[in-house]
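1. compute the structure for the input listed below.
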Amino acid sequence: MKTHWQKLVKVWLVATIVLLAQLAVAAPTLPGDMIADLKSMERQLQSGEYAKVRHHGRAQAQRLEGGNASDRWARALYLQLAASAEARLDNAAAAAELLAKARGIRDMEPAQVDRWQYQEARLRLKANQTQQARDLLSNWLERHAGSATDRWLMAQLLSEDGQWSAAASWVAAALELETTPDEQHSVFAATVLQRAGDKGGAFAIIDKRLKQAGNDATEWRRAAGLAQQLGDTGRAAAIWEAGWQRGALAGSDDLVQRIRLHLAGGTPARAAELLAQSLSDGALKDSFEHRRMLASAWQAARDHDHALAAWQSLARQSEQADDWLRLGQLAHGWGRWVLARQALKRAHTLGAGEANDWLRNLPPKDSSREDSF
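-> So this is what the prediction gives:
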């Protein structure tokens, strides 16, 4: 997510300079030599002479401080050129300060002051001065509709400050302009809406993406992943199941994920049934990993007989101390004393030291509590 927003900010920072030739036309009172000097600086800026432009722009702005209306306008332009040079030198904070000075000069045209404010907000953001960037952008958006990018960034800045309701309002505003958001925007929007208490709105974004997904497996996976990120694994499992039934999801990897989501999403019995069938018909490799998953699924489903049978079958095949120990512990917890004693003894023989502690807690062999499996 962070990488995406860094890219978005980078795009937002492009093209911050208004051509001075256009500005000079707007200021006919400037002397010819000053206009020539400004245009010369612009050419230097375009040719990469950033340090020279920065130095000369700052010096000229200082020299013109306190002058008449023409001097104030020229000073603002010199400050802008110096700010542009600082920005090109990756000194975003210094560039922002120069534009703030330009904005503060009296009698500037309101439209131009607004442009400088917008540019300053970009630079503040690049300099990680997020509170100042948020305040500047928020104020600017009170007078301008802004682009979808502006609105997404406003939402992002507010979310970083924990202002979820305000961020949700800007998410809604961004969605007015970007009705089909990309994956990163969808994840962000759904997260903000959920944190703002609008869980229905969050999942509406997922549903909208699914309506457009068709049989695009990537979109089904992303939708399920987004549901997981929002903390609703049950919905993620339902989405994956729907994608599987539709035929968008297929193959062993998707099958395993289907099973895992059922296991994590509150339907472990379904996970166990799917896994048992898949192992039986060869859809999945009959491995110890899958057998452990099967046993864990039956265990999570609280199906004692199936769970104990699955762990016992696995332990006999793997001959791993941990598998025998797990079987013994479950049998102990569920009152299957004969099986517990057999499994724990085998676990101890194979090196599971803690098996003896469990054995000592078993009732005597002649106890009336003895139960067979």
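2. pLDDT weak spots in the stretch 1-150 of the chain?
-> Applying pLDDT under 70 to the stretch 1-150 of the chain flags the ranges 1-28.
3. ok, 90 please
-> For the stretch 1-150 of the chain, the stretches with pLDDT under 90 are 1-32, 35, 66-70, 106-109, 112.
4. tell me where it has helices.
-> With DSSP state H, counting those that start in this stretch as the criterion, the stretch 1-150 of the chain has helices at 2-12, 20-25, 32-46, 50-63, 69-88, 92-103, 110-126, 130-141, 148-160.
5. which of those sits closest to Asp254?
-> Relative to Asp254, the nearest member of those by Cβ to Cβ is helix 2-12, separated by 25.6 Å. Placement of C-beta: from N, CA and C, glycine included.
6. ok, which of the helices of the stretch 1-150 of the chain comes nearest Glu289?
-> The closest approach between Glu289 and any of the helices of the stretch 1-150 of the chain, judged by Cβ to Cβ, belongs to helix 2-12 at 32.5 Å.
7. just the helices of the stretch 1-150 of the chain: most buried one?
-> helix 69-88 (a mean of 24; mean count of other Cβ atoms under 10 Å).
8. which helices and strands sit right next to that helix?
-> Where contact means 3 or more Cβ pairs under 8 Å, 6 or more residues apart in numbering; DSSP states H and E, helix 69-88 is packed against helix 20-25, helix 32-46, helix 50-63, helix 92-103, helix 110-126.
9. run the chain-centre distance for the longest one.
-> When distances are taken as Cα atoms, centre = their mean, to the nearest Å, helix 110-126 is centred 27 Å away from the chain's centroid.
10. does anything pack onto it? Which helices or strands?
-> Helix 110-126 sits against helix 2-12, helix 69-88, helix 92-103, helix 130-141, with contacts defined as 3+ Cβ pairs under 8 Å, 6+ apart.
11. secondary structure class for the residue nearest to Trp244 when sequence neighbours are not counted?
-> Residue nearest to Trp244 in three dimensions, not counting chain neighbours: Arg258, with 5.6 Å by Cβ to Cβ, 6 or more residues apart in numbering. Assigned with DSSP: H, G, I helix; E, B strand; the rest coil, Arg258 falls in the helix class.
12. can you tell me how far Arg258 is from Ile239?
-> Distance, Arg258 to Ile239, by Cβ to Cβ, to the nearest Å: 10 Å.
13. show me which of those two is the more surrounded one.
-> Of the pair Arg258 and Ile239, Ile239 is the one with more neighbours under other Cβ atoms under 10 Å, namely 28 against 22.
14. let me know the pLDDT of the nearest residue to that one once chain neighbours are set aside.
-> Once flanking residues are discounted, Ile239 sits nearest to Ala224: 4.4 Å by Cβ to Cβ, 6+ apart. You'll see Ala224 listed with a pLDDT of 89.
15. quick one: contacts for Ala224?
-> Applying Cβ atoms under 8 Å, 6 or more residues apart in numbering to Ala224 gives the contacts 236-237, 239-240, 243, 261.
16. swap in Arg54?
-> Contacts for Arg54 (Cβ under 8 Å, 6+ apart) come out as 82, 85-86, 89.
17. for it, which non-adjacent residue is closest in space?
-> Nearest non-adjacent residue to Arg54, counting by Cβ to Cβ, 6+ apart: Ala85, 3.9 Å away.
18. distance-wise, check the one you found relative to Ala94.
-> For Ala85, the distance to Ala94 equals 10 Å [Cβ to Cβ].
19. ditto for Arg106
-> Going from Arg106 to Ala94 by Cβ to Cβ gives 23 Å.
20. same thing with Met108?
-> To Ala94, Met108 is 21 Å away according to Cβ to Cβ.
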